[in-house]
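Novice: please work out how this folds:
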Amino acid sequence: MKPFTWMKRILLFQGVYYILTGLWPLLHLPSFLAVTGDKTDIWLVKMVGCLAATIGIYLIYSLRESPARLLAILSAFSFGIIDVYYVYQDVILPVYLGDAIVEAILILLLFIVKK
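Specialist: Numbering: from 1, shown residues only. The predicted structure is shown next:
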């Protein structure tokens, strides 16, 4: 059995993080809205939740099946850039900057860690 490398630990963390944050609005929308603010397009909240959970599941699955670094970097960038842009457009609450910070850390780690 191969050792659990730092890259695999980062991918596992990112996968679990995306699954949890993706499922949150699907499993308990009232608490999600209480923390992140009211939304007019609930369908979009749920769609993004589904996509985040899907990416998380893929990242964890890929630990055994194939490299996932590119998907991990691009998905973290996508979530982070949307967070920052829409916070500064006053569309979403500043609480989303916390997610942007996590995404930025993940991107840095994914570039720094080789295996």
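Novice: my guess is residue 57 meets residue 22, correct?
Specialist: No. Residue 57 lies out of contact with residue 22 (C-beta atoms under 8 Å); the separation is 9.0 Å. In short, each C-beta sits where N, CA and C put it, glycine included.
Novice: for these two, indicate the residue with more neighbours.
Specialist: residue 22 (21 against 14; other C-beta atoms under 10 Å).
Novice: in stretch 95-102, what's buried?
Specialist: Residues 96, 99-100, 102 are the ones in stretch 95-102 that count as buried (16 or more other C-beta atoms under 10 Å).
Novice: ok, stretch 71-79 next?
Specialist: By 16+ other C-beta under 10 Å, the buried positions in stretch 71-79 come out as 71-73, 75-76, 79.
Novice: shaky segments in the protein?
Specialist: 1-2, 65-67 (pLDDT under 70).
Novice: now do the same contact list for the spatially most central residue of the chain.
Specialist: With distances taken as C-alpha atoms, centre = their mean, residue 18 lies nearest the centre of the chain, 4.0 Å away. By C-beta atoms under 8 Å, 6 or more residues apart in numbering, the residues touching residue 18 are 52-53, 55-56, 59, 75.
Novice: contact partners of the longest helix belonging to the chain?
Specialist: The longest helix of the chain (DSSP state H) is helix 42-65. Contact with helix 42-65 is made by 8, 11-12, 14-26, 29, 32, 39, 68, 71-72, 75, 79, as judged by C-beta under 8 Å, 6+ apart.
Novice: which stretches of the protein form helices?
Specialist: 6-27, 29-36, 42-65, 69-88, 96-112.
Novice: residues touching residue 23, list them.
Specialist: Residue 23 neighbours (C-beta under 8 Å, 6+ apart): 49, 53.
Novice: surely residue 111 and residue 72 touch.
Specialist: No. Assessed by C-beta under 8 Å, residue 111 is found out of contact with residue 72, at 10.5 Å.
Novice: quick check: chain neighbours aside, which residue is closest to the residue nearest to the centre of the chain?
Specialist: Nearest residue to residue 18 in three dimensions, chain neighbours excluded: residue 56, at 3.2 Å (C-beta to C-beta, 6 or more residues apart in numbering).
Novice: and what of residue 20?
Specialist: residue 56 is the one closest to residue 20 (C-beta to C-beta, 6+ apart), at 7.8 Å.
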